[in-house]
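Q: Quick one: sequence plus predicted model below, questions after.
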Amino acid sequence: MKKTFLAMLMMMVSILSTYAQAEIKFDKLTNNFGNFEESNPVQKATFTFTNIGDKPLVINQAIASCGCTVPNYTKQPIMPGQKGTISVTYNGKGKFPGHFKKTITVRTNGKVEMTRLYIEGNMTEKK
């Protein structure tokens with residue numbers, strides 16, 4: 001009887017622990033730099049997120065859609081309820097003026113494994 005009860009208890013704990021997961025929630029998914037001049041081509045944005053899950057959140061990678069955009073992110077695990085950041089630097093030097101929209105793909109160990117962040121803006125010609 002005790003062995004059966006213990007086995008059932010262990011099985012329930014293991015089932016419940018499989019449902020526990022990290023979960024990422026961003027404050028915003030898009031950052032618009034607006035208009036900026038070609039003479040000031042480097043623009044920076046910070047995306048803040050919270051682990052709303054019940055396990056530590058790990059960002060496995062953050063990859064930009066082109067070499068002109070560089071993401072930096074929190075490397076250590078983010079505990080449940082804690083915040084982290086992904087900083088993105090866009091460098092338009094040598095690029096043609098005009099509108100742009102770049103993607104940063106974020107992969108985590110969370111419930112939703114992939115999230116896309118966007119930066120956009122309009123680089124105007126140097127006056």
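A: That came through, no problem. Numbers count the residues shown, from 1 in each chain.
Q: what sits against T74?
A: Applying Cβ atoms under 8 Å, 6 or more residues apart in numbering, one finds that T74 lies in contact with I59, G84, T85, I86. Placement of C-beta: from N, CA and C, glycine included.
Q: Farthest pair within those?
A: I59 and T85 (10.2 Å; Cβ to Cβ).
Q: Tell me which of those two has more neighbours.
A: More neighbours sit around I59 than around the other of I59 and T85, counting by other Cβ atoms under 10 Å; the figures are 22 against 14.
Q: what's the spacing between that one and K93?
A: 28 Å (Cβ to Cβ, to the nearest Å).
Q: Return the residues in contact with the residue nearest the centre of the chain.
A: In the chain, the centroid-proximal residue (Cα atoms, centre = their mean) is V106; its distance is 4.7 Å. Residues in contact with V106, defined by Cβ under 8 Å, 6+ apart, are I24, I59, Q61, A62, P71, Y73, I86, M114, T115, R116, L117.
Q: tell me how far stretch 90-107 is from the chain's mean position?
A: Counting by Cα atoms, centre = their mean, to the nearest Å, stretch 90-107 is centred 17 Å from the centre of its parent chain.
Q: no wait, stretch 31-45
A: Between the centre of stretch 31-45 and the centre of its chain there are 21 Å (Cα atoms, centre = their mean).
Q: now swap in stretch 116-127 and tell me
A: Averaged C-alpha coordinates place stretch 116-127 at 20 Å from its chain's average position (Cα atoms, centre = their mean).
Q: Using PDB, write out every CA atom in it.
A: What follows is stretch 116-127 as a C-alpha-only set of coordinates in PDB (Å, rounded to 0.1, in the frame of the first residue of the first chain):
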ATOM      1  CA  ARG A 116      10.900  37.800 -33.700                       C
ATOM      2  CA  LEU A 117      11.700  41.300 -32.800                       C
ATOM      3  CA  TYR A 118      11.800  44.200 -35.300                       C
ATOM      4  CA  ILE A 119      13.600  47.500 -35.600                       C
ATOM      5  CA  GLU A 120      12.800  50.000 -38.300                       C
ATOM      6  CA  GLY A 121      13.400  53.500 -39.200                       C
ATOM      7  CA  ASN A 122      14.100  56.000 -42.000                       C
ATOM      8  CA  MET A 123      17.700  57.200 -42.600                       C
ATOM      9  CA  THR A 124      17.700  60.500 -44.400                       C
ATOM     10  CA  GLU A 125      20.400  61.900 -46.600                       C
ATOM     11  CA  LYS A 126      23.200  64.000 -45.000                       C
ATOM     12  CA  LYS A 127      22.400  67.700 -45.300                       C
END
